[in-house]
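In: model this:
(one chain, ligands or ions: 2)
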Amino acid sequence: MLNADGRETLLEVRNLRVGFMRAGAREEVGLAVDGVDFSLERGKTLCLVGESGCGKSVAALQLLRLLPSPPAKILGGTAHFKGRDLGALSDRELNRIRGDRICMVFQDPMSSLNPVMRIGEQMSEGLRLHRGLSARAAGREAEAVLERVGMADPAGVAREFPHRLSGGMRQRVMIGMAVLPGPDLIIADEATTALDAVTGRRILDLLRSLTEGSGASLLFITHDLGIVSRIADDTAVMYAGRIVEYGPTDALLSRPAHPYTVGLLRSNPVNIMRNSYLPPGRSVAAPLRERRRRLAAIPGAVPGIWDRPPGCAFHPRCAFAAPRCREEDPPLRAADGTFSRCAAGAHSGDRP
Ligand SMILES: Nc1ncnc2c1ncn2[C@@H]1O[C@H](COP(=O)(O)OP(=O)(O)O)[C@@H](O)[C@H]1O
Ligand SMILES: [Mg+2]
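Out: Ligands and ions are numbered 1, 2, ... in the order given. As a prediction, this is how the structure comes out:
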C-alpha cells in the first residue's frame, strides 16, 4: 500500500475503539481506547506515549486481537497491515502473522520466556515452526542472533535457562527472538521500563539499530517522553484513550501544542534537556535544551475508564482550561508542525 508520497504504509489504524465491560453489568462499557488513528511507514518508528492508564497497551494488544473478550469489547475500527485488514483475518491467518511478520517485546521478559526451556531451544522453536528449519540450522541461526544482540558468548547463553540471565540480558534475548523471523513490524511495549537507565538506553539503541538495519518498522510504547527523543521518527501522545497530539518527534518535542504534551515534557525535562537520551547526531531544538525548568509533575491522575470527564478529558488537570473545555473535545488539527486537539500549550508562552 503506497501513500501519497510514494512510500509504503505498513500499518494503518483507523478509529480504533475498545471498551471493557463492567464486572456483573455487561451492558456498561468503559472506553479504554476511544477512536485512535495512526499510521506507520515501512522502516519508521512511531512512539505511543502517555502516562500509565492512557490506553497504549490496549491499543497495541487489540491490533493483534490479543485481548480476551469478554471483558474486552471491540467497538469498532480497522487495522490494515500491508493492506490487509487484521480484523477480518481468520485466527489461523492471524496466527501466521503473529510471531512472524509482527513480533512483540514486552516489559517483563520473564513472563514471555519459558522458565524450563533453554534459551537456544526457545529461540529455535519459532524458526522451526514458521520456517521449517532443521533443529541444527535453527540452533545456528539462534546463536547468530544472540551475537547480533550483543551477547559475548552466544553459545553459552543459548545453553542457559532464563533465570540465570540478568534482566538486561533477558530483554536482549526477547529482542533477539523478535528480530529472528525478520518481521515487518516490531511492537515493543515498555520494553525498557524494568531496566536501569544505562541498560535501558543500550537496549533502545539496539532496537533502533536492528530495526534500521533490517528495514522493519517499530511501534514503541512508553510512558517516558525522554525515550521518544532517542528512538521515534513520529510520536503520538495519548491521554484517556485518545491521541491528543501527533506529529514528527522533533516538532512535537520542540514546539508542543497540547497542554498535556507540554506537561509531560515539563515533568521529564532532565532527560531530554541533558540530551542524555539523544543518540549521536540527533538533537532537539535549542529552546528545549537551553531553558531550564524545574521538575513539575502534572497535578492529578489519569481518569479511569469509568470516570472520564466530559469534553476534553484533560481539562481537570489543565492549567489552561476554559469553560468550553468541559463541553468540547475538538478533533486533531494542524498546529505548529504537529496535529493537536488543543493549541493552548503553544500560546501560553510557557512551553518547556
Ligand atoms: N482487563 C481489563 N478490564 C478492565 N479495564 C482494563 C483492563 N485492561 C485495561 N483496562 C483499563 O484500560 C485503561 C487503559 O489501560 P492500558 O492500555 O493498560 O494503559 P497503558 O498501557 O497506557 O498504561 C486503563 O484505565 C485500564 O485500567
Ligand atoms: Mg501499558
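
In: T192 touches H223, doesn't it?
Out: No: at 11.0 Å, T192 does not count as touching H223 under the criterion of CB atoms under 8 Å. Every C-beta, even on glycine, is put in place using the N, C-alpha and C of the backbone.

In: quick check, G99 in contact with R131.
Out: No: applying CB under 8 Å as the test, G99 and R131 come out as separate, 11.5 Å apart.

In: need the overlap of contacts for those two.
Out: Contact criterion CB atoms under 8 Å, 6 or more residues apart in numbering; residues shared by G99 and R131: P181.

In: which one of the two has more residues nearby?
Out: Summary of the neighbour comparison: G99 and R131, criterion other CB atoms under 10 Å, with G99 having more neighbours (18 against 14).

In: so who does the more buried one touch?
Out: For G99, counting by CB under 8 Å, 6+ apart, the contacting residues are G126, H130, P181.

In: distance of it relative to L40?
Out: In this structure, G99 lies at 19 Å from L40, with CB to CB, to the nearest Å as the measure.

In: near E160, how many other residues are there?
Out: When neighbours are counted by other CB under 10 Å, E160 registers 15.

In: now for it: which residues touch it?
Out: If a contact means CB under 8 Å, 6+ apart, then E160 has R118, I119 as its contacts.

In: can you name the helix or strand that it falls in?
Out: In the assignment (DSSP states H and E), E160 maps to no helix and no strand.

In: check what pLDDT it gets.
Out: Confidence per residue is given as pLDDT, and for E160 that number is 94.

In: do R230 as well
Out: The model's pLDDT for R230 equals 83.

In: what of V284?
Out: With respect to pLDDT, V284 scores 53.

In: do the same with L225
Out: The pLDDT attached to L225 in the predicted structure is 87.

In: quick check, it in contact with L265.
Out: Yes: proximity of L225 to L265 meets the contact threshold set by CB under 8 Å, at 6.0 Å.

In: so between the two, which is more surrounded?
Out: With other CB under 10 Å as the criterion, L225 and L265 differ in neighbour count, and L225 comes out ahead with 29 against 26.

In: who in the stretch 251-352 of the chain is up against ligand 1?
Out: Proximity of the stretch 251-352 of the chain to ligand 1 is assessed by CB under 6 Å from any ligand atom, with G304, I305 identified as the residues in range.
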